[in-house]
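Colleague: this one's sequence-less:
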């Protein structure tokens, strides 16, 4: 994504708190990241996602049915390239929108057919470091009938549905932003995470 496109993300966030940018990743980049996810899955790096407070997490598939894998070292080349592009975006957002973004945490999220993630916010209770949520979709050929949309709720009880189309990047301000993933009818893959602010002194 070019600097001007990154600036458009900043403008979107300043205006509405949400940005949707198609073709952030090319078809080749999507394919390479999908291969990275398959490699990590074959190594057993994915784990069932859990819900609940730290130390008391539970697997509740009716609430959250995805499997996750953190992008941790050693990174594969396409993953390093993605992090470089995210760093460019972070710097642009800090220049344009004064968000004070400090670091990034990312993971793969794989939803098998039938999985959901019920309404939630991305900030753990008692923590405000997660500043900007983001998701990059890795689903070539996705159709509307495949479900799996990201539904972002507004304070006036309206909502916006966003399809998980390959190469699409969605960013939204994290604080208080209720969202959910509706049932996927086939496997749904993404890279998801957050830009975090500096910890309180």
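Modeller: Thanks, I have it. Note that this is a predicted model, so its numbers are computed, not measured.
Colleague: list the buried residues for stretch 182-196?
Modeller: Across stretch 182-196, burial judged by 16 or more other C-beta atoms under 10 Å covers 184, 186, 188, 189, 190, 191, 192, 193, 194, 195, 196. Using the backbone N, CA and C atoms, a C-beta is placed for each residue, glycine as well.
Colleague: tell me which of the residues you listed fall in strands.
Modeller: Among the buried residues of stretch 182-196, the members found in strands (DSSP state E) are 188, 189, 190, 191, 192, 193, 194, 195, 196.
Colleague: identify the bridge partners of the fourth one.
Modeller: Listed by DSSP bridges, the beta-bridge partners for residue 191 are residue 108, residue 136.
Colleague: what packs against the longest helix anywhere in the chain?
Modeller: Criterion DSSP state H: the longest helix present in the chain is helix 77-97. Counting contacts by 3 or more C-beta pairs under 8 Å, 6 or more residues apart in numbering; DSSP states H and E, helix 77-97 packs against helix 3-16, helix 27-42, strand 101-111, strand 130-137, strand 188-197.
Colleague: what's next to it, contact-wise?
Modeller: For helix 77-97, the surrounding residues in contact (C-beta atoms under 8 Å, 6 or more residues apart in numbering) are 1, 3, 6-7, 9-11, 13-14, 25, 29, 32-33, 35-36, 71, 75, 99-101, 104, 106, 132, 134, 136, 191, 195.
Colleague: what subset of the residues you listed is buried?
Modeller: Of these, these count as buried by 16+ other C-beta under 10 Å: 1, 6, 9-10, 13, 25, 29, 32-33, 36, 71, 99, 101, 104, 106, 132, 134, 136, 191, 195.
Colleague: ok, residue 114 touching residue 182?
Modeller: No - between residue 114 and residue 182 there is no contact, the gap being 11.4 Å when judged by C-beta atoms under 8 Å.
Colleague: list the buried residues of stretch 65-76.
Modeller: Neighbour counts using 16+ other C-beta under 10 Å place 65, 66, 67, 68, 69, 71, 76 of stretch 65-76 among the buried residues.
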